[in-house]
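Novice: Need a 3D model of the sequence below.
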Amino acid sequence: MSCNILKEMDSSVKFLWAPFPIEISGVSMIVPSPSGSKLLVIRNSENEAPCCFQIWSASRMEKEFHIPQSLHGSVYNDGW
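Specialist: Residues are numbered from 1 along each chain as shown. Below is the predicted model of the structure:
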């Protein structure tokens, strides 16, 4: 994660954290919500493992779903 550190006029320090992680590996698709407050991260499975859907908000993962290959195969973005 990244953070900007600002020194205020009254000599206090203010931290501005990046809303989402910067370095993400093994990701097939990243989809921001219309408001920009949440992020959907999709990790397609390998070797019959479940596909993983993660919902991120404010630099933390809020929810994670594992979808078995028998229910739904890999997920891809076709631009729609």
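Novice: name the element the nearest residue to Ile24 once chain neighbours are set aside belongs to?
Specialist: Leaving aside its chain neighbours, Ile24 sits nearest to Val41 (6.6 Å; criterion: CB to CB, 6 or more residues apart in numbering). From N, CA and C alone the C-beta is placed, and that goes for glycine too. Using DSSP states H and E, Val41 sits within strand 38-43.
Novice: Run through who's touching that strand.
Specialist: For strand 38-43, the external contacting residues (CB atoms under 8 Å, 6 or more residues apart in numbering) are 19-20, 24, 26-33, 51-57, 62, 75.
Novice: got any ranges where this protein has weak pLDDT?
Specialist: 1-3, 19-23, 79-80 (pLDDT under 70).
Novice: circling back to that earlier point, what's the local residue count around the residue nearest to Ile24?
Specialist: Neighbourhood size, Val41 [other CB atoms under 10 Å]: 20.
Novice: What separation do you get for it and Gln54?
Specialist: Per CB to CB, to the nearest Å, Val41 is found 4 Å from Gln54.
Novice: quick revisit: just list what the next helix or strand after the strand holding Val41 packs against, helices and strands only.
Specialist: The helix or strand immediately downstream of strand 38-43 is strand 51-57, counting by DSSP H and E. Counting contacts by 3 or more CB pairs under 8 Å, 6 or more residues apart in numbering; DSSP states H and E, strand 51-57 packs against strand 38-43, strand 60-67.
Novice: Tell me which of those strands lies nearest to Asp10.
Specialist: Closest of the helices and strands packed on strand 51-57 to Asp10 is strand 60-67, at 29.5 Å (criterion: CB to CB).
Novice: can you state the direction angle for the closest one and strand 38-43?
Specialist: On the basis of axes from the mean of the first three to the mean of the last three CA atoms, to 10 degrees, strand 60-67 is oriented at 40 degrees to strand 38-43.
Novice: All set now, cheers.
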